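S.K.: Give me a 3D structure for the following:
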Amino acid sequence: MSNDCIFCMILEGKIPSTKVYEDEFVFAFRDIHPMAPTHILVIPKEHIASADEITGKNSSYVAKIFEVIPKIAAAEGLANGYRVITNCGEDGCQSVKHLHFHLLGGRKLPETLA
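M.R.: Numbering: from 1, shown residues only. Okay, here's the model as predicted:
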């Protein structure tokens, strides 16, 4: 855990969140500024700063996240599809330096980022 990471503070219960899913590796909660009707953040319980820091030693957390995402999507009723996004670094607009995946759905999403 990182003492100055907002997501680590959420994991420790120091900051409230609306939990959607939790197991020993993964925590998922609703984004406080949703960009779609369903906007859930899925994070590893180990502090990994970004996709650039995924290694052979911690990649099992990422695998667990991608095992869980379809289950969360199904529980949220996203049968018609959804999008999974991660931002990396300043140019990628990563605002929290803890690896996280945005699960977006609940409506037809735009095809482009622009």
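S.K.: How confident is the prediction for residue 4, by pLDDT?
M.R.: Per-residue pLDDT puts residue 4 at 88.
S.K.: Let me fix that, I meant to ask about residue 114.
M.R.: On pLDDT, residue 114 comes in at 51.
S.K.: Repeat that for residue 79.
M.R.: 94.
S.K.: Select the longest strand from the chain.
M.R.: If you go by DSSP state E, the chain has its longest strand at strand 38-44.
S.K.: other SSEs contacting that one?
M.R.: helix 6-11, strand 26-30, helix 59-75, strand 101-105 (3 or more Cβ pairs under 8 Å, 6 or more residues apart in numbering; DSSP states H and E). Backbone N, C-alpha and C define where each C-beta goes, glycine included.
S.K.: what is the rounded mean pLDDT of the second one?
M.R.: Taken as a whole, strand 26-30 has a mean pLDDT of 98.
S.K.: for that strand, packing partners?
M.R.: Using 3+ Cβ pairs under 8 Å, 6+ apart as the test, strand 26-30 ends up in contact with helix 6-11, strand 19-22, strand 38-44, helix 59-75.
S.K.: which residues are in contact with that strand?
M.R.: Residues outside strand 26-30 that contact it (Cβ atoms under 8 Å, 6 or more residues apart in numbering): 10-11, 17-22, 39-45, 61, 64-65, 68, 72, 103.
S.K.: Likewise for the longest one?
M.R.: Applying Cβ under 8 Å, 6+ apart, the contact partners of helix 59-75 are 20-21, 23, 25-26, 28, 40, 42-46, 48, 54, 82, 84, 99, 101, 103, 105.
S.K.: ok, of those residues, which come out buried?
M.R.: 20, 25-26, 28, 40, 42-45, 48, 54, 82, 84, 99, 101, 103, 105 (16 or more other Cβ atoms under 10 Å).
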